[in-house]
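Engineer: what follows is a predicted structure for the sequence shown.
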Amino acid sequence: MNGIKTLADLKRKQEEVKSRIDLRNRAENPDSLVQVKVAMATCGIASGAKEVMEYFVEELDKRRIDAVVTQTGCMGYCFAEPTVEITLPGKEPMVFGYVNARKADEIIERYIKEGELVDGIIPRNYNTI
Amino acid sequence: MIDMAMHMMDIVQNSIRGEAKEIGIYFFEDSRHNKLTFRVEDDGRGMDEPTLKKLTDPFFTTRTSRKVGLGIPFLKMTCEQAGGSLSLFSEEGVGTTVEAFYRTDNPDCLPLGDVAGYAALLLKANWELHIRFSYRTEDEHFVVDSDELKEEGIDLRYPEMLTALKEFIQENLNEIYRKRPPESLLC
């Protein structure tokens, strides 16, 4: 695949991706998907939330896990940034702190795939605004 | 914040929290005069005059989860340390505009950073909003508009499209960067 430089290239890529993958009615039942929210306020950005978010988008796709990765604001745990909130289908959201690519890998392999708890969980006694 | 791309992500988060539906992100690079303007416009809730005045106070925030709000104060700091300035306009129910002006010939001016990566992430994570990203110089202009992408059938909910969009933005920005005068210090 050559570089993507024009809108036409981008469109071609979209068609290629679309023909390969089906979105499986994502919009209709988001509850059946793993939801990953990366905190992206000043504190998160400054501690590298972008790299973490890119990692989750790319790796969940590569490992064939149906997930929605989005951003959220600051959850008040600025000391533990980058923080990530993960909601497995039918479960309570879980917040992980000090996430980097290595931690993210552990979270995907152990928490998202197996449902095991891993180190770095922040007890949930907050409300997102 | 070590680059302008980080500020971009940060300031746009404010717009999203202010319930904006349309967000415009504009960079204007005037390399002949060593100026760079970075502006974010939104149609969010907006705020009244007294609130606007408190915006650059690091101990002012509307959040209850913490007592500080550093996004705008940091932006003010980074542009002022490089001989620039920050302007804020807002009207309740109409929207808010944040405009940071940088002197690119100042050694303390921030680098641009990974503008393409952050812009792509912003579009992906807020695909339901209308986000317009524009990078302009005296002679060149590059725009990515989420509504236009949607019209073309681009769907960023496909994870692979994030990388593709990032590459698309990066390639076009590189093209613009290449045409900068050799004496330009902006990177």
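Structural biologist: That came through, no problem.
Engineer: from residue B:169, how far out is residue A:90?
Structural biologist: Here residue A:90 is placed at a distance of 37 Å from residue B:169 (Cβ to Cβ, to the nearest Å). Heads up, the C-betas are built off the backbone N, CA and C, glycines and all.
Engineer: comparing those two, which shows the higher neighbour count?
Structural biologist: Looking at residue A:90 and residue B:169 with other Cβ atoms under 10 Å in any protein chain shown, you find the greater number of neighbours at residue B:169, namely 23 against 7.
Engineer: name the element the more buried one belongs to?
Structural biologist: Residue B:169 belongs to helix B:160-178 when assigned by DSSP states H and E.
Engineer: tell me how far that helix lies from the chain's centre.
Structural biologist: For helix B:160-178, the separation from the chain centroid amounts to 16 Å (computed by Cα atoms, centre = their mean, to the nearest Å).
Engineer: same thing with stretch B:159-168?
Structural biologist: On the basis of Cα atoms, centre = their mean, stretch B:159-168 sits 19 Å off its chain's mean C-alpha point.
Engineer: repeat for stretch A:68-87
Structural biologist: Centroid separation for stretch A:68-87 versus its chain: 10 Å, with Cα atoms, centre = their mean.
Engineer: could you do stretch A:6-18 as well?
Structural biologist: Averaging C-alpha positions (Cα atoms, centre = their mean) puts stretch A:6-18 24 Å from its chain's average.
Engineer: buried ones in it?
Structural biologist: Within stretch A:6-18, the residues that count as buried by 16 or more other Cβ atoms under 10 Å in any protein chain shown are A:9, A:10, A:11, A:13, A:14, A:17.
Engineer: is the last one in contact with residue B:157, as I believe?
Structural biologist: No: contact between residue A:17 and residue B:157 fails when scored by Cβ atoms under 8 Å: they sit 10.6 Å apart.
Engineer: thinking again about what came up before, among the buried residues of stretch A:6-18, which are in reach of chain B?
Structural biologist: The overlap between these and the neighbours of chain B (Cβ under 8 Å from any Cβ of the partner chain) comes to A:9, A:10, A:11, A:13, A:14, A:17.
Engineer: now the residues you listed as a markdown table including secondary structure and pLDDT?
Structural biologist: Supplementary listing: these in a markdown table, determined by DSSP: H, G, I helix; E, B strand; the rest coil; pLDDT from 0 to 100:
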| residue | secondary structure | pLDDT |
| --- | --- | --- |
| A:9 | helix | 93 |
| A:10 | helix | 93 |
| A:11 | helix | 93 |
| A:13 | helix | 93 |
| A:14 | helix | 93 |
| A:17 | helix | 90 |
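Engineer: which of these lies closest to residue B:165?
Structural biologist: Taking Cβ to Cβ as the measure, residue B:165 sits nearest to residue A:10 out of these, at 6.8 Å.
Engineer: up against chain A, what does chain B have?
Structural biologist: Proximity of chain B to chain A (Cβ under 8 Å from any Cβ) is limited to residues B:1, B:6, B:9-10, B:13, B:17, B:63-66, B:69-71, B:74, B:114, B:117-118, B:121, B:124-126, B:149, B:152-155, B:157-165, B:167-168, B:171-172.
Engineer: out of these, which are buried?
Structural biologist: Buried members of the residues of chain B next to chain A, scored by 16+ other Cβ under 10 Å, are B:1, B:6, B:9-10, B:13, B:17, B:65, B:69-71, B:74, B:114, B:117-118, B:121, B:124-126, B:149, B:154, B:158-165, B:167-168, B:171-172.
Engineer: nearest residue to residue B:179 other than its sequence neighbours?
Structural biologist: Distances taken as Cβ to Cβ, 6 or more residues apart in numbering or on different chains put residue B:140 closest to residue B:179, at 6.4 Å, once the chain neighbours are dropped.
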